[in-house]
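Undergrad: Build me a structure from this.
(chains A and B)
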Number of protein chains: 2
Amino acid sequence: MPHSNGQPRIVIVGAGFAGLACAKELGGAPVRVTIVDRHNYHLFVPLLYQVATAALSPADIARPIRRILGRYRNIEVVLGDVVAVDTAARQVRTADGRTIDYDRLVIATGSEYSYFAHPEWARFAHGPRTLPDARQIRARLLTAFERAEISSDPAEQDALMTIVIIGGGPTGVEMAGSVAELTRHALARDFRRIDPRRARIILIEAGPRILPAFPVSLSDYALATVTRLGVTVMTGQPVDAVDAHGVTVGDKRIVAGTIVWGAGINASPAGQLLGVELDRAGRVPVAPDLSVVGVPEVYALGDMALVPAADGTPLPALAQVAKQQGQHLGRALVANLRDGKAMPAFHFHNRGNTAIIGRNAAVFDFGWMQIKGRIAWVLWAIIHVALLVGFDNRLRVTLQWAWRYVTYQVGARLILS
Amino acid sequence: MPHSNGQPRIVIVGAGFAGLACAKELGGAPVRVTIVDRHNYHLFVPLLYQVATAALSPADIARPIRRILGRYRNIEVVLGDVVAVDTAARQVRTADGRTIDYDRLVIATGSEYSYFAHPEWARFAHGPRTLPDARQIRARLLTAFERAEISSDPAEQDALMTIVIIGGGPTGVEMAGSVAELTRHALARDFRRIDPRRARIILIEAGPRILPAFPVSLSDYALATVTRLGVTVMTGQPVDAVDAHGVTVGDKRIVAGTIVWGAGINASPAGQLLGVELDRAGRVPVAPDLSVVGVPEVYALGDMALVPAADGTPLPALAQVAKQQGQHLGRALVANLRDGKAMPAFHFHNRGNTAIIGRNAAVFDFGWMQIKGRIAWVLWAIIHVALLVGFDNRLRVTLQWAWRYVTYQVGARLILS
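TA: Down below sits the predicted model:
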C-alpha cells in the first residue's frame, strides 16, 4: 500500500535498542520511516543503576532520538504515546489524538518491572528502569542518610541506613555493589553523627542463588564478592510484603530507608494493543521472521517479543537480543520492500552475558567460556562505553569512571525530587 | 555563651556563595559550625542558564555541601528548611521541628525572582534560579519544538517556536544568546517539518537599554550582538500581562511557546524571620560589620543583605559580593571569637562585572576599563571554570564547552518533567 510519494511507510514504536537499530538500517533506504517514542531520548538502560547510585548523570546515558537519527532524511521522529493500533486500517493513534498510517508497523516498547500480584509495591520499591525511577532511587537513598544524620534515635538511624534490594539478577547485584561502594567510600567521611560505612545492604533473592541466569561458578563468585563488599545476601527467601517502611520476608521484618526493586519484568503493555493472545509475561508471540503471529505486517522486537531460542526457551530480555533483532528486521525490510526478497528468519548470536559486581569485579558468560574478576571488569567497561551512542557521551562516561576509580568519589550526589 | 565543650556555636543558614565562603573560613577554627540548607548541594547559579538551555547537566554545576566541607571536622551540615528564628533564645527552628542553638547566626539564603505585583506570573514564566526551574525551562523549550514539529497549523507552529525572555539584565541576555545558539545550530538539522532556525527570540526590557548595570558602550555592543544572533530586542516596553499562552506588552500580544523570566529579584523571605524592618526588596539592613541592625549577634550576607556601597547605593546581588562578604565575616568571627578582636567593617572590592552574550562575545566592566568581544569571552570562561567548586566539575564543564565550541552541539537535550 504505497503512499503518495510511492514509498512504503514504516512506523516504529519505541526508540530503545531494538527500535533504534531497526531505524538505522532503514536510514537512507527508499522507505518513509516514522519513529514514535514517549520520551525525546534514547536511554542506555544497562547503566541506569549508575544514575540511581549517583555515579552518572542522566545526560551521560541518554541522547536525543532526533540527534541520533537526524542525518537520515527519510526518518521522522515523533514525541508521542501510542495508545491504539488499528491493524485493519493500518493506523496507530497517539494520546494526543493524532493518527499515523503505516504499511509496516514495528512495536518495540520494551519492558517494565513486574511486581507480580502486588502493583501497590511499586510506590515503595522503585526499579532502575526509567530516568525518573533512577532519580527517585538516588533521592531516596541520599535523603535517608541525611535523615539518619539529624536523627537522635539509634534505631531510626539504623533503619534509615538499611538498603534492601529485591531480586538477585544482574540489576540487583549491580545495585548492591554500587550502593556498597557509595556508602563505604564516597559518603564515608562526610557525616558527623553517623558512619555510612555501617550501612546495611541486604540483597534478597527468592531463588536458590544470585545471578540465576549465569553458570553456578559465576553465581558463587558474585556471592563471595558482594559479601566481601559488605552486602548481606538472602537466597531462597521470597519477599512477602513491601511497604513504605520496609519489607517482610517470611517471619522476618526488615525496616529500611531505601527499597530497590529488580525482581522481574513484564513486557510493555503496548502488546495488548495488537489484539493477539500474549504469554504470561505479556509478550507478543512472533513468527521466525519476527512478524506478529496472525498480523503479518506488524513486527514485535526486543523485550516485548516472545522469540524461542534454539533450545525452545524464550530469548532473554537483553540489549544484545533487542539490537540484533532490530538490525535483522531493518535489513530484512529493506530487502523485502526494495528488492522483493522474502523475509528471512531471525537467529540470535550470543555475544556473551555479563554483570558487574563492583570495582575490578565482573562476570562474563560466553557459553563456551566464563571469565570473572578484573579482566571481565575491564571488558565490561570497554563494551559498555563502546555501546553508548555518541562520542561525547563515551568521553564523559570514561572520564567519570576514571575519576571514580582513582578517587572513589562520585559526581552526581544530588537530591533532586 | 559557650556550649558544653566550651566552643562558641555558629549557625549558617544557606550554602550559597556567601554561606559557603564563611563556613570555609571557619573550618578548623575553635568554633562549632552548623550549616543548614534546604538542598544537599551548593549550586553555581551563574551557569544555571546553561542547564536551562541544555548545554550542561545539573551535576556539572552543583556539588554536595557535605563533600565540599567534609574535611573540616568542626563543621556539621544539616539538610533542612529554617522556618523560625528566636533571637531572644538564640535558636533557629527547621520545618521538621528541630531546634538548633547558636551563639552567632549567619543568614545567607540569597534571593528569588520577583514578579512585582504579579506572583501568578511565576507559573507561566520560570526564571533560571533553581535546578528545578532550569529543568522546567529546558523541558518547556524542547517540548515546544516537539509540539511544533507535529502541528499542522503554521500559526501554531510559529507560536510554539516563539521564545519570550523578560528582563534585559545579564540573565536575560545570557538566555537569549544561549537560546539563539541552541535553535540556530544544535536543533537546526534534527526536525523535518519545522526549521528551528526560524524560531523567534524576543528579549523584552522595561528600561531604555539592555544590561542597564553596565556602561552604555557595553549595552550597545550587547544589543548589536544579540540582534546579529537573531534576537529581537524590545526596550522601554514593560510587560503588562503574562499567561499560559504568551505575554502582553502595551497593545501588543505575543503568543509564545516558552516564556522565561529574568526581570528582577527579591531577597529570600528568610529575612522576615528576624523581626527587623526590611527594605522594599526584602533585604535586611546591616551595620558596617554585616551584623543585622538591632540584632548584633546575627549577620546577613549576600543577596539578602542591604549593604551600602561607597557611593551610598546598595551593593548589587552578585556572586562576588556574596563571596567577599562570606570570607570577610568568617575571618572576622575567628579573630573575634578566638582572639577577642573587634568586628571590622566590610569593604567591597569590585573584581569586574561580566555578562556573556554568546560564542566569542562577552562584556566586562572593571570600572576603570571595559572589554568586550572574544577576549572578554575567553576571560569569562576561564573565570567561571575557576570559580566552580571541584576539579572534576571544572574538567567536565571545560570539556563540554570545548565540545560545544567545536561541534555547535549540546549534550543535555533531555525533556525530564
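Undergrad: Now do the spatially most central residue of chain A against chain B, distance only.
TA: The geometric centre of chain A, computed from its C-alpha atoms, lies nearest to residue A:45 (CA atoms, centre = their mean), at 3.9 Å. Applying CB to the nearest CB, to the nearest Å, the value for residue A:45 to chain B is 15 Å. All C-beta spots, glycine's among them, are computed from the backbone N, C-alpha and C.
Undergrad: Go ahead and confirm that residue touches residue A:16.
TA: Yes: between residue A:45 and residue A:16 there is a contact at 7.4 Å, judged by CB atoms under 8 Å.
Undergrad: now the helices for chain A?
TA: Under the criterion DSSP state H, chain A contains helices at A:17-26, A:48-52, A:58-61, A:65-69, A:131-150, A:154-160, A:170-181, A:216-228, A:319-339, A:374-387, A:391-407.
Undergrad: can you tell which of these is closest to residue A:203?
TA: With CB to CB as the measure, helix A:170-181 is the member of the helices of chain A nearest residue A:203 (4.5 Å).
Undergrad: And for residue A:274, the neighbour number?
TA: 19 (other CB atoms under 10 Å in any protein chain shown).
Undergrad: do the same with residue A:277
TA: Neighbour tally, residue A:277, other CB under 10 Å: 9.
Undergrad: How about the contacts made by it?
TA: The neighbourhood of residue A:277, defined by CB atoms under 8 Å, 6 or more residues apart in numbering or on different chains, consists of residue A:285.
Undergrad: Would you mind giving both backbone torsions of it?
TA: Reported as degrees, to the nearest 10, the phi and psi values for residue A:277 are phi -80, psi 130.
Undergrad: could you dump the helices of chain A to CSV with mean neighbour count, mean pLDDT and distance to residue A:123?
TA: Shown next, in CSV, are the helices of chain A (neighbours: other CB atoms under 10 Å in any protein chain shown; pLDDT from 0 to 100; distance: least, CB to CB, whole Å):
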stretch, mean neighbour count, mean pLDDT, distance to residue A:123
helix A:17-26, 26, 98, 28
helix A:48-52, 27, 97, 17
helix A:58-61, 26, 96, 22
helix A:65-69, 23, 96, 30
helix A:131-150, 21, 96, 10
helix A:154-160, 17, 97, 18
helix A:170-181, 26, 97, 19
helix A:216-228, 19, 98, 27
helix A:319-339, 21, 97, 28
helix A:374-387, 16, 95, 31
helix A:391-407, 16, 92, 31
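Undergrad: Dump those helices to CSV, plus distance to chain B.
TA: Shown next, in CSV, are these (distance: least, CB to the nearest CB, whole Å):
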stretch, distance to chain B
helix A:17-26, 14
helix A:48-52, 10
helix A:58-61, 4
helix A:65-69, 4
helix A:131-150, 4
helix A:154-160, 13
helix A:170-181, 15
helix A:216-228, 26
helix A:319-339, 19
helix A:374-387, 15
helix A:391-407, 5
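Undergrad: To residue B:385, which of those helices lies closest?
TA: With CB to CB as the measure, helix A:391-407 is the member of the helices of chain A nearest residue B:385 (15.3 Å).
Undergrad: Residue A:315 and residue A:348 touch, don't they?
TA: Yes: shown here, residue A:315 and residue A:348 form a contact pair, counting by CB under 8 Å, at 5.6 Å.
Undergrad: quick one: common contacting residues for these two?
TA: With CB under 8 Å, 6+ apart as the test, residue A:315 and residue A:348 both reach A:307, A:309, A:321.
Undergrad: Leaving out chain neighbours, which residue sits closest to the second one?
TA: The shortest distance from residue A:309 to any residue other than its chain neighbours is 5.1 Å, reached at residue A:315 (CB to CB, 6 or more residues apart in numbering or on different chains).
Undergrad: Next, count neighbours for the one residue in the stretch 101-250 of chain A that gets nearest to chain B.
TA: Closest approach between the stretch 101-250 of chain A and chain B, counting by CB to the nearest CB: residue A:190, at 3.7 Å. Neighbour count for residue A:190, taken as other CB under 10 Å: 19.
Undergrad: for residue A:239, same thing?
TA: The number of residues near residue A:239, taken as other CB under 10 Å, comes to 24.
Undergrad: For it, what are phi and psi?
TA: Here is the backbone geometry of residue A:239 (degrees, to the nearest 10): phi -80, psi 130.
Undergrad: what's the pLDDT at it?
TA: We have a pLDDT of 96 for residue A:239.
Undergrad: Just confirm it contacts residue A:252, I think it does.
TA: No: counting by CB under 8 Å, residue A:239 stays clear of residue A:252, with 10.2 Å between them.
Undergrad: okay, how far is it across stretch A:47-64, tip to tip?
TA: End-to-end distance of stretch A:47-64: 17 Å, with CA to CA, to the nearest Å as the criterion.
Undergrad: roughly how far is it from the heart of the chain?
TA: What separates the centre of stretch A:47-64 from the centre of its chain is 12 Å, taken as CA atoms, centre = their mean, to the nearest Å.
Undergrad: Reformat the helices of chain A as a markdown table; add distance to residue A:202.
TA: Output for those, formatted as a markdown table (distance: least, CB to CB, whole Å):
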| stretch | distance to residue A:202 |
| --- | --- |
| helix A:17-26 | 31 |
| helix A:48-52 | 17 |
| helix A:58-61 | 27 |
| helix A:65-69 | 38 |
| helix A:131-150 | 14 |
| helix A:154-160 | 12 |
| helix A:170-181 | 9 |
| helix A:216-228 | 11 |
| helix A:319-339 | 28 |
| helix A:374-387 | 24 |
| helix A:391-407 | 24 |
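Undergrad: wait, isn't residue A:170 in contact with residue A:355?
TA: Yes: between residue A:170 and residue A:355 there is a contact under CB under 8 Å: 3.8 Å.
Undergrad: residues shared between the contacts of the two?
TA: Joint contacts of residue A:170 and residue A:355 (CB under 8 Å, 6+ apart) are residue A:211.
Undergrad: For residue B:332, state which of the shared contacts of residue A:315 and residue A:348 is nearest.
TA: residue A:321 (65.2 Å).
Undergrad: Once you drop chain neighbours, what's closest to that closest one?
TA: Spatially, and ignoring its direct neighbours in sequence, residue A:321 is nearest to residue A:315 (4.9 Å; CB to CB, 6+ apart).
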